[in-house]
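**Q** need coordinates for the below:
(4 chains)
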There are 2 protein chains.
Amino acid sequence: MLTEFEKYLAAQDCLTNEAIRRISSLAIPRTLRRNEFILRTGEICRHKIFIVKGLLRTFNTTVEGNEHILQFSPELTWTLDVESYDQQVPSRFSIDAIETSNILLWHRNDFNRLLAEIPAFKQLADQIIVRNVYRSRQRMLTILSATPEEKYADFIQSHPNFRSRLPLRMIAAYLGISLKTLTRIRHAQLQR
Amino acid sequence: MLTEFEKYLAAQDCLTNEAIRRISSLAIPRTLRRNEFILRTGEICRHKIFIVKGLLRTFNTTVEGNEHILQFSPELTWTLDVESYDQQVPSRFSIDAIETSNILLWHRNDFNRLLAEIPAFKQLADQIIVRNVYRSRQRMLTILSATPEEKYADFIQSHPNFRSRLPLRMIAAYLGISLKTLTRIRHAQLQR
DNA sequence: TGAAAGTATGGTCAAATGACCTTGTTTAGC
DNA sequence: GCTAAACAAGGTCATTTGACCATACTTTCA
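**A** Model prediction:
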């Protein structure tokens, strides 16, 4: 599990082997079963999370019971509830596993120490945040301007491999459309 | 114009007077008239922008001519197209002035130099980015889960002073609903 | 392997929404 | 201060969307 992570870090091409080992040394491996939570609404997010294998989702459930998905986190990506983690405040989102997943955790103190110790790691972390900002702006624009059909097309194009890993209702919950609308779109596409 | 900016920085309470003067010294003041652009789709974003007075908007126009607003930037906030600025790539968004505005600009090289020279400034910049991430997550959730009426209520509550500064059609373009829907909501509210 | 839970699809219907057009009012800027 | 442009709101109508329900199929895991 750690080797995959170390390969990932090495591929970023900005860290010494020593730094990579140091970062790994503070990671806590953990396995999540399908549907298992790593963070629940109201809890405080105490870890940075790296997904080695599997698929997590960040979502919110309204009082009426509707789920809305903010983010899917597949293997070789990071996740957490930023606000809860940074400010140690109750989280507004939940994170759970869609597939059985292997993840790595770092305690906040440990992670902050690493950022302070290893400037190149801090740079990498900054880069990751900034790339998330790009993507989230792009998604915002799509949600605002695209029709349901375009949203789905866009999703399939940006995440081709997700299609087979996710139930449609989750794709609908991510796109902000109803399952009914999504099946209608797919039905229409089959006609062509 | 610079004094207001220096007051803003001083209020952040993390920079020495010397640092504040240094940062100001590299700023380029500029005035934008109503409807004047500071960045157009396709151009490269070459500056960090601080709004001293006035109101800017970041938006995108679809091929059909529909405008979608990603962000309003009132006085004492920062703006830019992150992706275009960071990677010096053509911008997908435009930024223009809704009100006559006084802004400050920094060239990328100058700004990067400041970040490197003044660690506390880098920290402040990181903080601002992260706060933007919080807000954008929250907005994403609202767009995904709220009804048009809730979106409008949420907007008025979060930005009470914007109501009088923005034409309704811009609020609609920000919320991702049609002007018609927005006027209907307002009409219904008057009935009560 | 078999029962239970989860999933995709379809039907029907009511409600919400947007497109288009008109009108009266307000605002901006010379 | 005046004129042209921008704006809010209303009417109408077609379309889209979601809620609710039933059904058939698939997956999971005990």
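**Q** and stretch A:38-57, does that touch DNA strand C?
**A** No. Counting by Cβ under 7 Å from any atom of the strand, DNA strand C is not contacted by stretch A:38-57; separation bottoms out at 11.6 Å. From N, CA and C alone the C-beta is placed, and that goes for glycine too.
**Q** for that stretch, buried residues please.
**A** Buried positions in stretch A:38-57, judged by neighbour count with 16 or more other Cβ atoms under 10 Å in any protein chain shown: A:38-39, A:41, A:45, A:47-52, A:54-57.
**Q** my read is that A:C45 contacts A:T79, right?
**A** No. In this structure, A:C45 is not within contact of A:T79 by Cβ atoms under 8 Å, at 9.7 Å.
**Q** filter the buried residues of stretch A:38-57 by proximity to DNA strand D?
**A** By Cβ under 7 Å from any atom of the strand, no member of the buried residues of stretch A:38-57 lies near DNA strand D.
**Q** tell me the one of those residues nearest A:L2?
**A** For the buried residues of stretch A:38-57, the closest approach to A:L2 (Cβ to Cβ) belongs to A:V52, at 8.4 Å.
**Q** just the helices from chain A, written as ranges.
**A** Using DSSP state H, the helices of chain A run over residues A:2-12, A:17-25, A:82-87, A:108-117, A:119-145, A:148-158, A:168-175, A:179-191.
**Q** what about the fifth one, near chain B?
**A** Yes. Part of helix A:119-145 sits near chain B under the criterion Cβ under 8 Å from any Cβ of the partner chain, namely A:126, A:129-130, A:132-134, A:136-141, A:143-145.
**Q** and those, which is closest to B:I95?
**A** The closest of the residues of helix A:119-145 next to chain B, once distances to B:I95 are taken by Cβ to Cβ, is A:R137, at 12.9 Å.
**Q** give me the number of residues near that closest one?
**A** By the criterion of other Cβ atoms under 10 Å in any protein chain shown, A:R137 has 21 neighbours.
**Q** hang on, it packs against B:V133?
**A** No. With contact defined as Cβ under 8 Å, A:R137 does not reach B:V133; the gap is 10.7 Å.
**Q** what residues are shared contacts of these two?
**A** Here A:R137 and B:V133 share no contacting residue, scored by Cβ atoms under 8 Å, 6 or more residues apart in numbering or on different chains.
**Q** buried stuff in stretch A:111-128?
**A** In stretch A:111-128, counting by 16+ other Cβ under 10 Å, buried: A:F111, A:L114, A:L115, A:I118, A:F121, A:K122, A:L124, A:A125.
**Q** so who does the fourth one touch?
**A** What that stands for is A:I118. Applying Cβ under 8 Å, 6+ apart to A:I118 gives the contacts A:L15, A:A19, A:R22, A:I23.
**Q** how about a cut-off of 6 Å?
**A** A:I118 makes contacts with A:A19, as judged by Cβ atoms under 6 Å, 6 or more residues apart in numbering or on different chains.
**Q** okay, it: pLDDT?
**A** pLDDT, A:I118: 97.
**Q** what does the first one give?
**A** You'll see A:F111 listed with a pLDDT of 98.
**Q** separation between it and A:M170?
**A** Per Cβ to Cβ, to the nearest Å, A:F111 is found 29 Å from A:M170.
**Q** chain B contacts on chain A?
**A** Contacts of chain A with chain B, taken as Cβ under 6 Å from any Cβ of the partner chain, map to A:60, A:62, A:68, A:82-83, A:133-134, A:136, A:141, A:143-145, A:176.
**Q** leaving out chain neighbours, which residue sits closest to A:E149?
**A** A:I185 (5.1 Å; Cβ to Cβ, 6 or more residues apart in numbering or on different chains).
**Q** report the beta-bridge partners for the residue nearest the centre of chain A.
**A** The centroid of chain A falls nearest to A:S73 when counting by Cα atoms, centre = their mean (2.8 Å). On the basis of DSSP bridges, A:S73 is bridged to A:L56.
**Q** just checking, it touches A:L56?
**A** Yes. A:S73 is in contact with A:L56 according to Cβ atoms under 6 Å; the separation is 4.4 Å.
**Q** still on that earlier bit, ok, which of the buried residues of stretch A:111-128 also contact DNA strand D?
**A** Of the residues in those, proximity to DNA strand D by Cβ under 7 Å from any atom of the strand holds for none.
**Q** taking these, tell me the two that lie furthest apart.
**A** Greatest spatial distance among the buried residues of stretch A:111-128 (Cβ to Cβ): A:F111 and A:L124, at 12.3 Å.
**Q** now do the contacts for A:T79.
**A** A:I49, A:L56, A:S73.
**Q** I'd like those residues as CSV, with pLDDT appended.
**A** Conversion of these to CSV gives the following (pLDDT from 0 to 100):
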residue, pLDDT
A:I49, 97
A:L56, 97
A:S73, 97
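**Q** ok, those residues vs chain B, which is closest?
**A** Checking these against chain B with Cβ to the nearest Cβ, the nearest one is A:S73 at 13.9 Å.
**Q** ok, now how distant is A:N109 from A:I38?
**A** A:N109 sits 19 Å away from A:I38, going by Cβ to Cβ.
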